[in-house]
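Have a look at this fold, sequence not included:
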C-alpha cells in the first residue's frame, strides 16, 4: 500500500495571544511537538486525545489550513509543508474536510444546491444540477433537498450535506473533525455507517478525529493517540484496544462508561 | 409520598405545539433518576419546568409539580421561587456560560446563600471553603479569587457542583453536566457527583443522552420521546431487558468499544413511525 501522507518531525506553534505584551510579538505556544507517522492510502485513521492534545491542529496542518513551523508533510509524494496558497489551491480538491458543527459550517443564506456547488465552482469542476443530485444520492438524501435551507434540516441531515459537499470533489483524502459529537445516537449510527460505506466505495483515505473511543473502534483501521502534542501510541485498532501500550491510552479506555450496569466503573 | 412528583404535566409553546405531553414521574428522597431521550424529547424541559426557568415562549398548560408536599404551580411567584431556591438546585451543562465572566468565583458561590437564604457573609464564605475542599480543589483560596476564564472546564464544573450543593438542597437537577468535558475529566466529575449525592442523600434528576453514563450513575430512568414518557424502569431492568422497542433501538445504536463487530443500527423507521403515531394520538386525546 502506497503512503498517501508522510509526516516527519512535525512541529507547529501558534502565538499565545493571552500573553501578548502591549508592544512586541506574542510568545509562541508549542502545540505539536515533533510528530512522525504515515497514512497509507485507503486507511481510516482515528486520531484521539483529550482536549488541548493537538488533534484538531494536526488535522488542520494535514490539509494545510495551518502552516507547520518545522518538519515536513508530504501528500502523494508532494512536499506541501510550506506551499503558498496559490499552489495549494489546485490541490485543495484532493483533500477535503467535514466540520464538527454542521449548523455553523453551512451558510444559512444558501440553499443546499448552492452549498454543494460552491467548492465545485471554485475548482472549475462540473457543478450542474445533475452533479448536485448525484452527490445527494450518495449521501442518501432525496434530490428535492437541493432547494432547502440548512435550518429546514435535522442535525443528521445537515451533517450529510457537509459530507456531500466534501465528497462531491472526489477527493483522495477527507478529514472528519468530531463530526458525530453533536448528534443523537441514532443519527450518529447512520452517519458512521454512511461514512464507512463511502470510504469503501470511493476508495478514499480518511482521518477521523474523535474523543469517543467507541466510535473509533467501530470505524477506524488504525489509531493515533495524542497527548500534549506528542504521539503516545500509533497502532492498528485491534492492537490499541486489546493491548494498549501507553499509560494514557489505558486511562482513556478506562474512562469510557459502557452501557452496562454490571461494569465496575466509578 | 415521593419527594418530587410530577403529575400529567403539559408544557407548550405559547399558542402552539405541546413540548411535554402529560408527563408523570416521581423521584424519592435520595433517588438518582436518569432522564434520557434524543434531542427534542423534552428531557431538559422537565428540569426547567421544575425550577421555573422555562423560556419566555413556553408555558405550562396543565399538570402538577409536587415538591416536598406542595404543588409548586399553585403558589404565587415569590413564595414559589423561595421554595424552589431552598429545596432544589441545578448543575448546568456548560460551566462557562453558567458563571458570570466578570465576577470572581467566590462571590458567585456565596451570592445565593446570602441573597436568597439570608446567610451572613462570614458563614457563607466558610461554607464555600468547605465545599471547594469537598469537590477536591486543593488551592481553595486561590480559586475563590479567580475569574472563570482562568480555570479549566473540569475546575469550572467543580465550582458549579459546589455551588449546587451549597445550601443543602434536597433535589438537584443535573442537565447534561459532563457533555462539554473530556472523557477522563468526565469520569472524575461523575465520581464526584455520585459521591456528593450519596453523602448528602440528595435526590438527583440526571438529564443525559448518554446511556453509558446512566448505567453508571442512576438507579432508575425514564425514557422520553417527543415529550411522552416511553418507558420507566430500574437501571438494571432497563439494560438487561428493555421493554419498549424504542429503548431496545436506542441501546442498539449506542457503540461499545468492547464489542468491535457489533454493527450500529439506527432507530428503525417502523419504531419512529409507531412513536409518532403515539404522539399524534396523545395530541388528539388532548384537543379532543
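Good, I have the coordinates. These figures come from a predicted structure and were not determined experimentally. Residues are numbered from 1 along each chain as shown, chains lettered A, B, ... in the order given.

Tell me, how many residues neighbour whichever residue of the stretch 1-150 of chain A sits closest to chain B?
Chain B sits closest to residue A:50 of the stretch 1-150 of chain A, with a gap of 4.6 Å, by Cβ to the nearest Cβ. Placement of C-beta: from N, CA and C, glycine included. By other Cβ atoms under 10 Å in any protein chain shown, 21 other residues sit near residue A:50.

Contact partners for it?
A:211, A:227, A:252, B:182, B:183, B:184, B:185 (Cβ atoms under 8 Å, 6 or more residues apart in numbering or on different chains).

Counting neighbours, which of the residues you listed comes out on top?
In the contacts of residue A:50, the most neighbours by other Cβ under 10 Å go to residue A:252, 25 neighbours.

May I have the phi/psi pair for that residue?
Residue A:252 adopts backbone torsions of phi -60, psi -50, taken as degrees, to the nearest 10.

and what of the one 4 residues further on?
Phi and psi for residue A:256, reported as degrees, to the nearest 10, are phi -90, psi 120.

I figured it was touching residue B:183, is that so?
Yes. With contacts counted by Cβ atoms under 8 Å, residue A:256 reaches residue B:183, the gap being 6.2 Å.

returning to that earlier point: could you single out the nearest of the contacts of residue A:50 to residue A:116?
residue A:211 (28.5 Å; Cβ to Cβ).

Give the full set of residues in contact with that closest one.
Contacts of residue A:211 by Cβ under 8 Å, 6+ apart are A:48, A:49, A:50, A:51, A:178, A:181, B:182, B:183.

ok, now residue A:223?
Here residue A:223 is in contact with A:45, A:46, A:47, A:48, A:216, A:233, A:234, A:235, A:236, A:237, A:240 (criterion: Cβ under 8 Å, 6+ apart).

need the next SSE after the host helix or strand of it, C-terminal direction.
According to DSSP states H and E, residue A:223 maps onto strand A:222-227. Downstream of strand A:222-227, the first helix or strand assigned by DSSP H and E is strand A:230-236.

Surely residue B:34 is within a strand?
Yes. According to DSSP: H, G, I helix; E, B strand; the rest coil, residue B:34 belongs to a strand.

I'd like to know how many residues surround it.
Neighbours around residue B:34, by other Cβ under 10 Å: 27.

Can you give me the separation between it and residue B:221?
4 Å (Cβ to Cβ, to the nearest Å).

Same question for residue B:165.
Distance from residue B:165 to residue B:221, by Cβ to Cβ: 23 Å.

now residue A:107
Distance from residue A:107 to residue B:221, counting by Cβ to Cβ: 40 Å.

quick one: which of these two has more around it?
A direct count of neighbours by other Cβ under 10 Å for residue A:107 and residue B:221 places residue B:221 higher, at 24 against 12.

Which residues are in contact with the more buried one?
Contacts of residue B:221 (Cβ under 8 Å, 6+ apart): B:33, B:34, B:35, B:36, B:214, B:232, B:233, B:234, B:235, B:238.

do the same with residue B:78
With Cβ under 8 Å, 6+ apart, residue B:78 has no contacts at all.

which secondary structure element contains it?
helix B:77-87.

Now do the buried residues in that helix.
B:80, B:83, B:84, B:85, B:87 (16 or more other Cβ atoms under 10 Å in any protein chain shown).

Just the ones of the contacts of residue A:50 in strands?
Among those, the members falling in strands (DSSP state E) are residue A:227.

Taking the contacts of residue A:50 together, which two end up most distant?
A:227 and B:185 (13.8 Å).

Give me the neighbour count for residue B:214.
Residue B:214 has 25 nearby residues by other Cβ under 10 Å.

Whichever strand or helix holds residue B:45 and chain A, any residue contact?
According to DSSP H and E, residue B:45 maps onto helix B:43-51. No. With Cβ under 8 Å from any Cβ of the partner chain as the criterion, chain A is not reached by helix B:43-51; the gap is at least 11.7 Å.

chain center to that helix: distance?
8 Å (Cα atoms, centre = their mean, to the nearest Å).

Contacts made by it with the rest, please.
With Cβ under 8 Å, 6+ apart as the test, helix B:43-51 has contacts from B:4, B:6, B:9, B:11, B:19-20, B:23, B:25, B:35-37, B:54-55, B:58, B:60, B:65, B:67, B:72, B:84, B:88, B:90, B:171, B:173, B:175-176, B:205, B:207, B:209, B:224, B:227.
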